[in-house]
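>>> Sequence first, then the predicted structure:
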Amino acid sequence: MTNLKPYIPQDLKIGVLGGGQLGKMLMQEALPLDLNISFLDSDKSCSVGKISGNFFIGDITSYNDVLEFGRKMDIVTIEIENVNTQALEELESSGICVYPQSGIIKIIKDKGLQKEFLKNNEFPSSEFELCESVGDILQKIKSNTLSFPFVQKLRTGGYDGKGVCIIRSFQDIDKLLQGPSIVEKLADIDKELSVIAVRSSVGEVTCYPSVSMDFHPTANLVQYLICPSGISEELELLVQQLAKNIVNKLQIVGLLAIELFLNKDGSIWVNELAPRPHNSGHHTLVNGSVSQYENHLRAILGLPLGNTSGKVRALMMNVLGEEGFFGKAVYSGFEELLKTKGVHPYLYGKLETKPFRKMGHITITDSSIEECIRKYYILKEKFKIVSLQ
């Protein structure tokens, strides 16, 4: 799609598959641009359903629902990969723009196909094997073709730490997940990084600075991320170029989050890809950049991409449901949070909490990363998501 000249935003209908928190932020960033944006989700109480006037009830994994919704649109995009790609292919064949393209979604939503794409194009990643079942994995262990420690990832359906397990020894065998999966060598990680790249429908490419991520030890969820990541300038240039090479190889239109391992031997491995706005880019809403959400919209519209440099130091912490609490969400310590300078809370509007559910995020901005971290540890103790008992 070429640039819109003149700019008449309401004349172009944009449809988004999914109504979670990423969709909510996408909608809010669409409002200043006066975009005509609609959403499809099966749950009216989802994050977007509570605020969008153009909300349609439907199953994003249903061929018929996606096709019916998409035929009303000029451009269709996603906020989650688990969508019906067959319907997207049909929409593309009828002349509707689908960004990211259906073939790219199909590759990335299947971790096996994703790893094969990285391998076939010589992008650095861990060694891996495809396994159809737990029995297949056990047979590889028995025949010494698979050794401990390793990571198992379900090929499809995993999200927010689900669908991943680390197997360190025979004592962990009962943790193996049922279903087709990949098993890969456990990386000797020094830092986990993420870079968000964006490529427009007219071929313009840019990247946000890398962030470093700290993960919860058992839930496999990001506890907080730091921007900038603190890696050397030389390494930053390397990961930025790697990200650009991947988006150009895919020819993707829209955002691509590239999660990376910086290993202790200095090597860089690509861990996973996500073809949409990403948890590792929430801080771009307040750190001086054009946000990842606005740049995604600019990209799919063929508009010039915005500044990604983000001059303000930032720490983004995920707000997770506390262990042991289920039910109506209560935000304990919220008033104390609001008293803290440089704190930007964002609640996702989810009515029910449960352990480790993403309920929101908080971005802390300051003149130094050290001060951001200091405030993080204070808020971590004072602000909790619990429930009415």
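Perfect, I can see it now.
>>> From here on, just use CA atoms for contacts and neighbour counts.
Fine.
>>> how about low-confidence regions in the stretch 1-150 of the chain?
Within the stretch 1-150 of the chain, the stretches with pLDDT under 70 are 1-5.
>>> For it, which segments are assigned as strands?
In the stretch 1-150 of the chain, the strands defined using DSSP state E, counting those that start in this stretch lie at 13-17, 36-41, 55-57, 75-78, 97-98, 128-131, 150-154.
>>> Mean neighbour count, those strands: which tops it?
Among the strands of the stretch 1-150 of the chain, strand 75-78 has the highest mean neighbour count (mean count of other CA atoms under 10 Å), at a mean of 25.
>>> For the strands of the stretch 1-150 of the chain, give me CSV that also has distance to L235.
Below are the strands of the stretch 1-150 of the chain laid out as CSV (distance: least, CA to CA, whole Å):
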stretch, distance to L235
strand 13-17, 35
strand 36-41, 38
strand 55-57, 43
strand 75-78, 31
strand 97-98, 34
strand 128-131, 25
strand 150-154, 26
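>>> and L138, which of the ones you listed is closest to it?
strand 128-131 (9.9 Å; CA to CA).
>>> Partner strands of that closest one, with direction?
With DSSP bridges as the test, strand 128-131 is paired with strand 181-185 (antiparallel).
>>> now the angle from the partner strand to strand 150-154?
160 degrees (axes from the mean of the first three to the mean of the last three CA atoms, to 10 degrees).
>>> so after strand 181-185, what's the next helix or strand?
Per DSSP states H and E, the first helix or strand lying C-terminal to strand 181-185 is strand 189-199.
>>> closest one to H278 among the strands of the stretch 1-150 of the chain?
Closest among the strands of the stretch 1-150 of the chain, using CA to CA: strand 75-78, at 11.5 Å.
>>> Neighbouring strands of that closest one in the sheet, and parallel or not?
strand 13-17 (parallel), strand 97-98 (parallel).
>>> any idea of the angle the longest one forms with strand 36-41?
Think strand 13-17. Using the same axes, to 10 degrees: strand 13-17 against strand 36-41 is 20 degrees.
>>> Restrict strand 13-17 to CA atoms and write it as PDB.
The C-alpha trace of strand 13-17 is given here as PDB (Å, rounded to 0.1, in the frame of the first residue of the first chain):
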ATOM      1  CA  LYS A  13     -11.300   0.500   7.700                       C
ATOM      2  CA  ILE A  14      -8.700  -1.300   9.800                       C
ATOM      3  CA  GLY A  15      -9.700  -4.600  11.500                       C
ATOM      4  CA  VAL A  16      -7.800  -6.200  14.400                       C
ATOM      5  CA  LEU A  17      -8.000  -9.800  15.400                       C
END
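>>> Quick one: residues in contact with that strand.
For strand 13-17, contacts defined as CA atoms under 8 Å, 6 or more residues apart in numbering pick out 23, 35-41, 60, 66, 69-70, 72-80, 83.
>>> And for the shortest one?
Contacts made with strand 97-98 from outside it, assessed by CA under 8 Å, 6+ apart, are listed as 74-77, 88, 91-92.
>>> can you tell me which residues contact the spatially most central residue of the chain?
Geometric centre of the chain, nearest residue: H278, 2.9 Å, by CA atoms, centre = their mean. The contact partners of H278, taken as CA under 8 Å, 6+ apart, are 22, 257.
>>> Can you give me the distance of it to S52?
21 Å (CA to CA, to the nearest Å).
>>> Any idea what the nearest residue to N54 once chain neighbours are set aside is bridged to?
Excluding its sequence neighbours, the residue lying closest to N54 (CA to CA, 6 or more residues apart in numbering) is S38, at 4.7 Å. Beta-bridge pairing for S38 (DSSP bridges): G15.
>>> mind listing what S38 touches?
S38 makes contacts with 13-16, 52-56, as judged by CA under 8 Å, 6+ apart.
>>> Show me which of those residues is closest to L238.
Nearest member of the contacts of S38 to L238, counting by CA to CA, is V16, at 32.9 Å.
>>> From L177, how far out is that closest one?
Taking CA to CA as the measure, V16 and L177 are separated by 31 Å.
>>> What's the first helix or strand after the biggest helix by length in the chain?
As assigned by DSSP state H, the longest helix anywhere in the chain is helix 233-250. Counting by DSSP H and E, the next helix or strand C-terminal to helix 233-250 is strand 254-263.
>>> where do the helices sit along the chain?
Assigned by DSSP H, the helices in the chain fall at 21-30, 63-70, 85-93, 102-109, 111-120, 134-142, 233-250, 292-301, 334-339, 369-382.
>>> Buried ones in the first one, by neighbour count?
Burial within helix 21-30, assessed by neighbour count using 16 or more other CA atoms under 10 Å, is assigned to 21-27, 29-30.
>>> Other residues contacting that helix?
Contacts of helix 21-30 (CA under 8 Å, 6+ apart): 16, 37, 39, 47-48, 52, 79, 277-278, 293-294, 297, 348.
>>> Including distance to G324, could the residues you listed go into JSON lines?
Shown next, in JSON lines, are the contacts of helix 21-30 (distance: CA to CA, whole Å):
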{"residue": "V16", "distance to G324": "34"}
{"residue": "I37", "distance to G324": "38"}
{"residue": "F39", "distance to G324": "33"}
{"residue": "S47", "distance to G324": "23"}
{"residue": "V48", "distance to G324": "27"}
{"residue": "S52", "distance to G324": "32"}
{"residue": "E79", "distance to G324": "29"}
{"residue": "P277", "distance to G324": "30"}
{"residue": "H278", "distance to G324": "27"}
{"residue": "Y293", "distance to G324": "33"}
{"residue": "E294", "distance to G324": "37"}
{"residue": "L297", "distance to G324": "39"}
{"residue": "Y348", "distance to G324": "20"}
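>>> Kind regards, and thank you for your time.
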